[in-house]
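1. I need the structure of the sequence given here:
(chains A and B)
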There are 2 protein chains.
Amino acid sequence: MKKDIIGIIGLGYVGLPLALAFSRKKHVIGFDRDKERINQLKRGIDKNNEFKKKLKIKNKNVNFTNKSNLLRECNIFIVTVPTPVTKTNLPDLKLLSNACQTVGKYIKKNSIFILESTVYPGCLEEYCVPIIEKISKLKFNKDFFCGYSPERVNPGDQKHTIERITKIISASNLQTLSTMKNLYKLVTKKLHIANSIKVAESAKVIENIQRDINIALMNEISIVLKKMNISTKEVLDAASTKWNFLKFTPGLVGGHCIGVDPYYFTYKARKIKYEPKVILSGRSINNRMAKYVFNKISYMKKKFFGKMKIKILILGIAFKENISDIRNSQVIKILKMMKSSDYKIYVYDPHIDKNKNFLSKKINFLNKLNKINFFDAIFIGTPHKKIIKIGGKKIKSFCKQKSFIFDLKSSLNKKFVDDSL
Amino acid sequence: MKKDIIGIIGLGYVGLPLALAFSRKKHVIGFDRDKERINQLKRGIDKNNEFKKKLKIKNKNVNFTNKSNLLRECNIFIVTVPTPVTKTNLPDLKLLSNACQTVGKYIKKNSIFILESTVYPGCLEEYCVPIIEKISKLKFNKDFFCGYSPERVNPGDQKHTIERITKIISASNLQTLSTMKNLYKLVTKKLHIANSIKVAESAKVIENIQRDINIALMNEISIVLKKMNISTKEVLDAASTKWNFLKFTPGLVGGHCIGVDPYYFTYKARKIKYEPKVILSGRSINNRMAKYVFNKISYMKKKFFGKMKIKILILGIAFKENISDIRNSQVIKILKMMKSSDYKIYVYDPHIDKNKNFLSKKINFLNKLNKINFFDAIFIGTPHKKIIKIGGKKIKSFCKQKSFIFDLKSSLNKKFVDDSL
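-> Numbers count the residues shown, from 1 in each chain, chains lettered A, B, ... in the order given. The predicted structure follows:
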């Protein structure tokens, strides 16, 4: 074990913390194709803001590189690339395929390939292994070995970091399992051993499915209640006084996990001829929520201003609270609908770099909130703590007298709010 | 308040504990149409076994009766009748209608009608009140008043009794709310005031919907995993090591709450022209689980015994663990399928009275488990604590050498078990 060199392929939300954690005990090669990311990391900068202190990243034991040939030295390869979906919501395995090809190129006899990305059950053995075998000309479970240890990174969550959670491990044979046990116990609090790679793959993918369906249920309930003029927030406050009620709330499901992982499972289910209607019904309603919210806002706009073009301020556009990630943000989906309609759009998000190229010239990105008595409407899209802290009264003061506030997740005191989910 | 006489209409799982709780502080008339139930209660017997000590029931302050005219004395009427569904899964409001007619007959000016039964949002004001108004010739919110305080009875659960939970209350005006507050604080630990009756109705009905959909999701996942030969139990054990995973398991949803309440909500949703697909997809899969389990057992039977008629022992038939209630038990649904097939059926359920008339002569109801080396198969339907305590080894000893055990909820050590969900 002492001479292990670990290659981490993919240095995003998952790979970077993993590389840094391992680097305290082992020599690590951190590989990412993104040259800009590597340059930033070399300077100690994590644009995702998961690591705010430079010292944490700068580190003698981890060698950040965008040159794959440095992986030649490694005997353990850990792949942490994103596994998104295509436009038609099918697994998009391009990045995973690239990563496996890279591993195939540099893997040697007796090395271990470990996957941390979320996949469908069976993906590692049925999809990844053949690629590696083909390119490396090595034989699986004879020349090289595999493991699956799903990442449990929760962006923006400083509490459940890798050091503090239980991590699932699984491997293609007992000896590899034992190696992985010794490896992962260096960086994580507790290990759970799954009996097979497929069990571990399944465990990971269903975690986010459960969240997705629970939010979908709340969205469905809120749509029905709204039609009856019943406050969803009041209903949930009341229901939450039952000892076993689960405090989910309606909302937009964006990002690259909860809204994506279910499609990996449903893809596999359909492959084996089962139509997973519960999961897909959840996905369907969650996908329609952006349009639903846009319609609600447009309804208010019409009520207040008719067809007049109005100045709307969107507070928060990240895909979830207190982070800077905008991938698959449903607030941005709503923003785009507004762009094609009668809205002059202003955006304030304290977590987002205003130079993000998604923001066209048509949109005014504010660095400060100092326009008093200025907006016709405010849409609280992503209620970051930094936004809620401003307070309903002050937020209301940014609006003209005749104006409305749509507070998506009922984050403000309701006396300042005109509508919410 | 001192002279209040409370009439409780319906003395089942909800009404009896409520009547007993109130009787410690107030005079109570406990009315139920079921003469046998009244006779038993008068003798201190609760066939539901929620109250095992006679003293708890026998009580000077509660007058059990099946004569509705005794309700004449009451100024507060609390209706706790069941609200089941019809064969086509629509709200069956017959019992509620009868109860409202009874209340209408005896309600006087300034009295309060309180509903505790689970209904759809709007039911009290739109359905109950008109019945009472019509029969009593009194005017709602002028002559008489209403409240809704949903029951939160969990059969078999001695921990979350009315005295120990938070109870939601809501009323048709502020004065009634104040009366209800004083009333219910006599019997419950904490009160939560809902802003309207509709909010309280909604809160209650969604609690069980949430449970239903979460079990449905687990059922869907288990069906897919089983098709892939992946152990659902192992997957859930692994997923449960994540800090926010909710420990639901696949299973049969029977009884008179979780499998029924969602239809009240979906009925109302459809009335207002919204198709609640998430909730209905959950209902649909949960409804199909009995047939699915029967098919799994039949598959094993065929594998082990071909078309031979086999002796099968069903352990546990109540709709859930550790109670005697068999209403809408899905295990009994499976039992009925077996009856029409090549099974000689033996049943053991320590919670069930063997004289229950649902058990035809075709079924052998055992009072003791003493047939060693006797059965071809065992189906653990409802894993009561008393059944699990027997242990896998002993349970296996009831079987012939060539036999199989289907352990629905993976309750036994898996080395004794041939299949499960």
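2. Need the contact partners of the lengthiest strand in chain A.
-> Using DSSP state E to define each element, chain A has its longest strand at strand A:399-407. By C-beta atoms under 8 Å, 6 or more residues apart in numbering or on different chains, the residues outside strand A:399-407 that reach it are A:293, A:296-297, A:300-301, A:304, A:373-380, A:383, A:395-396, A:412, A:416-420. Where you see a C-beta, it was placed from the backbone N, CA and C, and this is true even at glycine.
3. mind running it again at 6 Å?
-> A:297, A:300, A:304, A:373, A:375-380, A:417-420 (C-beta atoms under 6 Å, 6 or more residues apart in numbering or on different chains).
4. try stretch A:168-178
-> A:112, A:141, A:145-150, A:180, A:184, A:191-194, A:197, A:200, A:203, B:238.
5. for that stretch, which positions count as buried?
-> A:168-172, A:176-177 (16 or more other C-beta atoms under 10 Å in any protein chain shown).
6. The contacts of strand A:399-407, buried ones only, as a PyMOL selection?
-> The buried residues among the contacts of strand A:399-407 can be selected in PyMOL (16+ other C-beta under 10 Å) with this line:
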select buried, chain A and resi 297+300+375+376+377+378+379+380+417+419+420
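7. can you pull the contacts of A:Asn364?
-> A:Asn364 neighbours (C-beta under 6 Å, 6+ apart): A:Tyr346.
8. Bridging across strands, which residues link to it?
-> A:Tyr346 (DSSP bridges).
9. what pLDDT does it get?
-> pLDDT for A:Asn364: 90.
10. got a pLDDT number for A:Lys47?
-> Residue-level pLDDT assigned to A:Lys47 equals 80.
11. helix, strand or coil for A:Ile78?
-> Here A:Ile78 is strand, with the state taken from DSSP: H, G, I helix; E, B strand; the rest coil.
12. For the closest residue to A:Leu138 other than its chain neighbours, grab the count of nearby residues.
-> Excluding the flanking residues, the one nearest A:Leu138 by C-beta to C-beta, 6 or more residues apart in numbering or on different chains is A:Phe144, at 5.0 Å. Residues near A:Phe144, counting by other C-beta atoms under 10 Å in any protein chain shown, number 25.
13. The helix or strand containing A:Asn295 - contacts with which helices or strands?
-> Assessed by DSSP states H and E, A:Asn295 sits inside helix A:277-305. Using 3 or more C-beta pairs under 6 Å, 6 or more residues apart in numbering or on different chains; DSSP states H and E, the elements in contact with helix A:277-305 are helix A:197-227, helix A:261-271, helix A:330-339, strand A:399-407, helix B:197-227, helix B:277-305.
14. Repeat the analysis, applying 7 Å as the threshold.
-> helix A:197-227, helix A:261-271, helix A:330-339, strand A:375-380, strand A:399-407, helix B:197-227, helix B:277-305 (3 or more C-beta pairs under 7 Å, 6 or more residues apart in numbering or on different chains; DSSP states H and E).
15. Just the buried residues of it, please?
-> A:277-283, A:285-287, A:289-290, A:292-294, A:296-297, A:300-301, A:305.
16. Stretch A:7-25 now?
-> Buried, per 16+ other C-beta under 10 Å, within stretch A:7-25: A:7-23.
17. I'd assumed A:Ile169 was in a strand, is it?
-> Yes: counting by three-state DSSP, A:Ile169 falls inside a strand.
18. count of residues packed around the residue in the stretch 301-421 of chain A positioned nearest to chain B?
-> The stretch 301-421 of chain A approaches chain B most closely through A:Lys414 (10.8 Å), counting by C-beta to the nearest C-beta. A:Lys414: 13 surrounding residues under other C-beta under 10 Å.
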